[in-house]
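*Asks:* Any chance you could fold what I've pasted below:
(one chain, ligands or ions: 1)
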Amino acid sequence: MAEVGSPNSHQPVEIDYMELDTIIEEQFNRDKENLIMILQAIQRKYNYLPQASLIYLAEKIGVPISKIFGVGTFYSTFSLEPRGKHIISVCLGTACHVRGAQRVRESIQETLNIEDGQTTEDMRFTLESVRCLGCCSLGPVVRVNDDIHGRITSDMTGKILENYN
Ligand code: FES
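*Replies:* Next comes the predicted model:
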């Protein structure tokens with residue numbers, strides 16, 4: 001796997017306002033009742049909720065920006081910080097922990113040269129720890145995006161991550 005260097009410095013992304021209009025107006029009728037679904041759609045596009053997009057959204061649907069930030073910070077599925085193209089979730093729940101999840105996480109940290117919660121400089125990966133992914137019998141479990149990888153050992157992680165470009 002290529003060296004990825006230090007964690008990213010959170011460069012702002014370019015916002016495509018025409019695409020935002022499509023999401024806000026065409027898909028969700030500019031309806032504030034659809035706020036959470038609009039935020040989900042924005043996060044699907046950028047992998048996080050860019051601040052500029054939230055300010056734009058607030059104006060478009062007539063909801064105070066403070067409320068939109070409040071929703072963005074309340075739900076753990078939303079991120080206000082840039083995240084990588086691929087989200088790696090290492091389960092540190094009890095069943096995975098006793099089977100060596102900590103060593104698996106350390107191996108990923110070493111491979112990617114990032115700490116828990118950080119994103120690689122090339123914006124390819126974000127690493128996060130979670131508590132139970134609901135498939136304890138497969139532990140230790142690592143999820144990459146929607147893919148579940150079970151019975152992982154620390155020497156398998158590099159090979160798995162190579163599949164995500
Ligand atoms: S404890 Fe890891 S999947 Fe349940």
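
*Asks:* before we move on, what SS does the residue nearest in space to the middle of the chain have?
*Replies:* What sits nearest the mean C-alpha location of the chain, by C-alpha atoms, centre = their mean, is Ile87, with 4.8 Å. What DSSP: H, G, I helix; E, B strand; the rest coil gives for Ile87 is strand.

*Asks:* go on, Ile160?
*Replies:* Judged by three-state DSSP, the three-state class of Ile160 is helix.

*Asks:* hmm, back to that, contacting residues for the residue nearest to the centre of the chain?
*Replies:* Going by C-beta atoms under 8 Å, 6 or more residues apart in numbering, Ile87 touches 47, 125-126, 128, 143-145. Just so you know, the C-beta spots here come from the backbone N, C-alpha and C atoms, and that holds for glycine as well.

*Asks:* mind running it again at 7 Å?
*Replies:* Counting by C-beta atoms under 7 Å, 6 or more residues apart in numbering, Ile87 touches 126, 128, 145.

*Asks:* likewise Ser66?
*Replies:* Ser66 neighbours (C-beta under 7 Å, 6+ apart): none.
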